[in-house]
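Enquirer: what would the 3D arrangement of this be:
(2 chains)
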Amino acid sequence: MTEPILELDGITKRFGALTANDAISLRLRQGEILALLGENGAGKTTLMNILFGHYAADAGEVRVHGRPLPPGQPRAAIAAGVGMVHQHFTLAGNLTVTENITLGTEPLLRLDSRRAEAKARIRNLSETFGLPVDPDARVADLSVGERQRVEILKALYRNARILILDEPTAVLAAPEAEQLFRILRGMTATGLSIIFISHKLHEVMAASDRVTVLRGGRVVAERRTADTSPAELAELMVGRSVTRPRRAAHPVGAPVLVARGLTVREGHGTPLDAIDFDVAQGEILGIVGVSGNGQATLGRVLSGLARPLAGTLTFDGRDITRLTPRQAVQLGLGRIPEDRHAEGTVGDLTVWENAVLERLREPAFSTRGFVRRAAARSFAAELIRRFDIRGAGPDTRTRLLSGGNMQKLILGRNIAARPRFLLANQPTRGLDEGAIAAVHAELLAARAEGAAILLVSEDLEEAVGLSDRIQAIVKGRLSAPVTAEAADARTLGLMMAGIWETRHAG
Amino acid sequence: MRVERREDISLTALLIAPFAAIAVALALCAGLIAMAGVNPAAAYAEMLRGAFGSRLAVTETLTRAVPLIFTGLAAAVAFRARLWNIGAEGQFYIGALVAAGLGHSLLSGLPAPLAIALVMLASMAGGAALLVGPALMRLRFGVDEVVTTLLLNFIVILFVGLMVEGPLRDPMAFGWPQSVPVAADLRLPDLVPRSRLHIGLILALAVAALVWLVQSRTVFGAETRAAGLNPRAAAFAGVPLTATLVKVALLSGGLAGLAGAVEVLGPAGKVTTTMSPGFGYAGIVVAMLAALHPMGVVAAAVFVATVFVGADAMSRATGVPSFIADVIMSVSLLAMLTALLFTTYRLRR
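Expert: Numbers count the residues shown, from 1 in each chain, chains lettered A, B, ... in the order given. The predicted model follows:
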């Protein structure tokens, strides 16, 4: 048994009445990957922020190699060899990779900056660990995956021996995530030790040596990954057993939304290239694919925020190629945007204002330009009740809702209007298991009521569980649809790799 | 020590903030007054007496508050939509110039209330037009409106100088650069006899109430707030961003233009290049002290007017330079900005 390289001992942290961490202890051994598993709000990020010195704990101690770290000092943590990769990157977009990595490592008042030396070290590190990135590229021009590599390099450049990654796959597509875990495994072989935070069971199972499960700010279990199962972890994490609802067979009606040859140009790229799809009444059409293949543009077109260059989009036979957001709402096209914070809600407005923002001009919520506040508030109260939005009243600031409850609000305001069509763009991204099950149940209920639903998702399990038919999006092109029954992992894998194209050509 | 965002902004904190800011500003300026060799308590007492000590003092303070209410509203309306209108000073002067230009002769055939209303509308249109350009330039080309609106102030004031030296010059003014006075029947009636206080005060209060109503109760107000707080989400929800921002620019510029008209039709009676002791800039302080709330603007305008009128009296009685008014106002703004920061964030060790 090797000595633990890192120990957290009885860490307690309170924020007002909330105890985010309650006497948490854990230890990390050299060369091991420890997964810290827990739902949103279980206290994972707080714990790691204490470890890295962003917060000072109210009680408890952090020890590296048996030596206690002074609390609340990130510099001390860095000096002790702890490196942190935040969920939201802390990079300056207008600086180069090298500048970002060396920032803060050089004395301020030295005139010559040892640029060449630094670059050589970065190249060396990226080759050793398999983290390819151009040291001279501007960070703003990099993809999300590349930016994450820069963050990791930043920690390695500071001689980190213990790497903490906060939800590293939240921003990555499945293949990128797999690649990341391969890289992490390689790092442990050279003696690094890694903690990664996650709420995704499959990646915890696939990538970790040990798992520590947090719930409500406490450690509820520690397991060797080899000795546990996803089902056991799910139950430990949620505190009860949760199952995602499954789609039931259901008759499909006439096509509601029909796209033919839809093409969008943006700058030099063609994010949507002559795509065709139909979504019928009572049907869920799943669009799967690695993120960045045109899903965001498809979402913008169907939300009325982008105009196709060519092709047609019809809704119940009516041409809506030049759709505006207001028209979409008027016609009964529901929209769940990809990013609930940036597009779905205005965080500093109240829940009731966000509930009716899309429909403010409708007679139900305004007369002669004046908002019918009572009607709007009672509509919001109704959404809160019907969709089980927790921790909120109509006058709560929307920012204070958790991700899952915010998503229920967005889902609720769309479904309450009984839309003929519903765009669900990554509807469960970043949500915990309990919230995912709730969102899935609502989507299936809307389908049973006859809504035509276009589900855009990176989560294959979700797409297969909900969709009647599935199409893959690759580089702005859509595959032909396959039925859910025919969608086994191999078929989907080929589709997402764009293999259908060559088959057509050949 | 680190700064953390609070979970929620409490209304109490928001209500206390301006008073705390003013208290801090007065305390800091007490030091300056003491350095000038005067007992600060005596100086502040003199200031209060100067602003409220007599019927005349009270009417003077309120007279001074009237344009500040309008320019404060202009800033508050724009800032709430994240349109940084620093040009209320220029819009004030355009409003004043239009009022003086129309008011000295052109509308003399009409019944007075109608003519006054027309003059005011024309002044509002002038102020609005001056802000629409910068707003559109920001929407189209991303030109920073802080720069454009600020620089327009100087252009407008030079233009006013040109007009009062030229076409609008009053030949009876013994060579002073001032415009021909507006017709006597276009002047706003007095609110208090034998004082300069005019019914513009009632108009200012009514407009403040109206702005509050529009902001908090109408679809336009709600859409404006959404567009200011999160433009992407507002656009997603179908709020027309361009139209909303242009409407806000029209309203804000119009309010500042109205300030100019009321000042010309009220106490001034004519336009000069020195008629505003910085009403437009002081409007920014008023709006911030009010935390952008239209009713708070009224209270904040009275405070700023008190400082200015009171400081003159204090200066006469104690010899402390009246520039202390500018210092108090500036320090209040800084203190208020700090206080607003603490309503949103807190310090942790």
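Enquirer: ok, residue 200 - contacts?
Expert: Since you didn't name a chain, this refers to chain A. By C-beta atoms under 8 Å, 6 or more residues apart in numbering or on different chains, residue A:200 lies in contact with residue A:169. All C-beta atoms are positioned from the backbone trio N, CA, C, and that covers glycine.
Enquirer: wait, chain B was what I had in mind.
Expert: By C-beta under 8 Å, 6+ apart, the neighbours of residue B:200 are B:66, B:188, B:262-263, B:265-266.
Enquirer: for the residues you listed, work out which two are farthest apart.
Expert: B:66 and B:265 (11.1 Å; C-beta to C-beta).
Enquirer: number of nearby residues for the residue lying closest to residue B:301 once chain neighbours are set aside?
Expert: Nearest non-adjacent residue to residue B:301, counting by C-beta to C-beta, 6 or more residues apart in numbering or on different chains: residue B:68, 3.8 Å away. For residue B:68, the neighbour count with other C-beta atoms under 10 Å in any protein chain shown is 28.
Enquirer: run through the residues of the stretch 101-250 of chain B sitting next to chain A.
Expert: For the stretch 101-250 of chain B, the residues in contact with chain A (C-beta under 8 Å from any C-beta of the partner chain) are B:217-223, B:225-226, B:229-230, B:232-239.
Enquirer: out of those residues, which sit inside helices?
Expert: B:217, B:219-223, B:225-226, B:229, B:232-236 (DSSP state H).
Enquirer: can I get those residues in JSON lines including pLDDT?
Expert: Shown next, in JSON lines, are these (pLDDT from 0 to 100):
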{"residue": "B:217", "pLDDT": "94"}
{"residue": "B:219", "pLDDT": "96"}
{"residue": "B:220", "pLDDT": "96"}
{"residue": "B:221", "pLDDT": "95"}
{"residue": "B:222", "pLDDT": "95"}
{"residue": "B:223", "pLDDT": "95"}
{"residue": "B:225", "pLDDT": "93"}
{"residue": "B:226", "pLDDT": "95"}
{"residue": "B:229", "pLDDT": "93"}
{"residue": "B:232", "pLDDT": "93"}
{"residue": "B:233", "pLDDT": "95"}
{"residue": "B:234", "pLDDT": "96"}
{"residue": "B:235", "pLDDT": "95"}
{"residue": "B:236", "pLDDT": "95"}
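Enquirer: most widely separated two among those residues?
Expert: B:217 and B:232 (25.2 Å).
Enquirer: out of the contacts of residue B:200, which comes closest to residue A:331?
Expert: Among the contacts of residue B:200, residue B:262 lies closest to residue A:331 (C-beta to C-beta), at 47.1 Å.
Enquirer: sketch out the low-pLDDT regions of chain B for me.
Expert: Applying pLDDT under 70 to chain B picks out residues B:1-5, B:7-9, B:105-108, B:348-349.
Enquirer: show me what from chain A comes close to chain B.
Expert: Checking chain A against chain B by C-beta under 8 Å from any C-beta, the hits are A:16, A:54, A:56, A:72, A:303-305, A:324-326, A:328-329, A:335, A:337, A:342-349, A:353, A:357-358, A:360-361, A:366, A:369-371, A:373, A:397, A:400.
Enquirer: put the buried members of the residues you listed into a ChimeraX selection.
Expert: The following ChimeraX line selects those of the residues of chain A next to chain B that are buried, judged by 16 or more other C-beta atoms under 10 Å in any protein chain shown:
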select /A:54,72,303,304,305,325,326,328,329,335,337,343,344,345,346,347,349,353,357,358,360,361,366,371,373,397
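Enquirer: out of the residues of chain A next to chain B, which are inside strands?
Expert: A:335, A:366, A:370-371 (DSSP state E).
Enquirer: got these as JSON lines, with distance to residue B:135 and pLDDT columns?
Expert: JSON lines is the format used below for these (distance: C-beta to C-beta, whole Å; pLDDT from 0 to 100):
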{"residue": "A:335", "distance to residue B:135": "29", "pLDDT": "95"}
{"residue": "A:366", "distance to residue B:135": "25", "pLDDT": "94"}
{"residue": "A:370", "distance to residue B:135": "25", "pLDDT": "95"}
{"residue": "A:371", "distance to residue B:135": "25", "pLDDT": "95"}
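Enquirer: identify the farthest-apart pair in those.
Expert: Taking C-beta to C-beta, no two of those sit farther apart than A:335 and A:370, at 26.2 Å.
Enquirer: indicate the residue of chain B located nearest to chain A.
Expert: Proximity to chain A, evaluated over chain B using C-beta to the nearest C-beta, is greatest for residue B:238 at 3.7 Å.
Enquirer: what about the strands in the stretch 101-250 of chain A?
Expert: Along the stretch 101-250 of chain A, the stretches classed as strands by DSSP state E, counting those that start in this stretch are A:162-166, A:193-198, A:210-215, A:218-224.
Enquirer: closest one to residue B:114 among the ones you listed?
Expert: Per C-beta to C-beta, nearest to residue B:114 of the strands of the stretch 101-250 of chain A: strand A:162-166, 67.4 Å.
Enquirer: direction included, what does the closest one pair up with?
Expert: strand A:82-85 (parallel), strand A:193-198 (parallel) (DSSP bridges).
Enquirer: ok, then the element right after the lengthiest helix in chain B?
Expert: Looking across chain B with DSSP H, the single longest helix is helix B:112-141. Next helix or strand after helix B:112-141 toward the C-terminus (DSSP states H and E): helix B:145-165.
Enquirer: by how many degrees do that following helix and helix B:112-141 diverge?
Expert: 140 degrees (axes from the mean of the first three to the mean of the last three C-alpha atoms, to 10 degrees).
Enquirer: quick one: low-confidence ranges for chain A?
Expert: Residues of chain A meeting the criterion pLDDT under 70: A:1-2, A:17, A:107-113, A:240-242, A:501-506.
Enquirer: domains in it, by residue range?
Expert: A:4-238, A:255-505 (automatic domain parsing).
Enquirer: tell me which of these sits most buried.
Expert: Mean neighbours per residue, mean count of other C-beta atoms under 10 Å in any protein chain shown, is largest over these for domain A:255-505, with a mean of 19.
Enquirer: quick one, which of the strands of the stretch 101-250 of chain A gets closest to residue B:284.
Expert: strand A:162-166 (40.7 Å).
Enquirer: now the domains of chain A as TSV including distance to residue B:137?
Expert: TSV is the format used below for the domains of chain A (distance: least, C-beta to C-beta, whole Å):
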stretch	distance to residue B:137
domain A:4-238	24
domain A:255-505	24
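Enquirer: do you know which of the ones you listed lies nearest residue B:144?
Expert: Among the domains of chain A, domain A:4-238 sits nearest to residue B:144 (C-beta to C-beta), with 17.6 Å.
Enquirer: ok now that closest one, how far from the chain's centre?
Expert: Centroid separation for domain A:4-238 versus its chain: 17 Å, with C-alpha atoms, centre = their mean, to the nearest Å.
Enquirer: equivalent analysis for stretch B:103-120, please.
Expert: 25 Å.
Enquirer: residue boundaries of the strands in chain B?
Expert: Using DSSP E, strands in chain B cover B:2-5, B:345-348.
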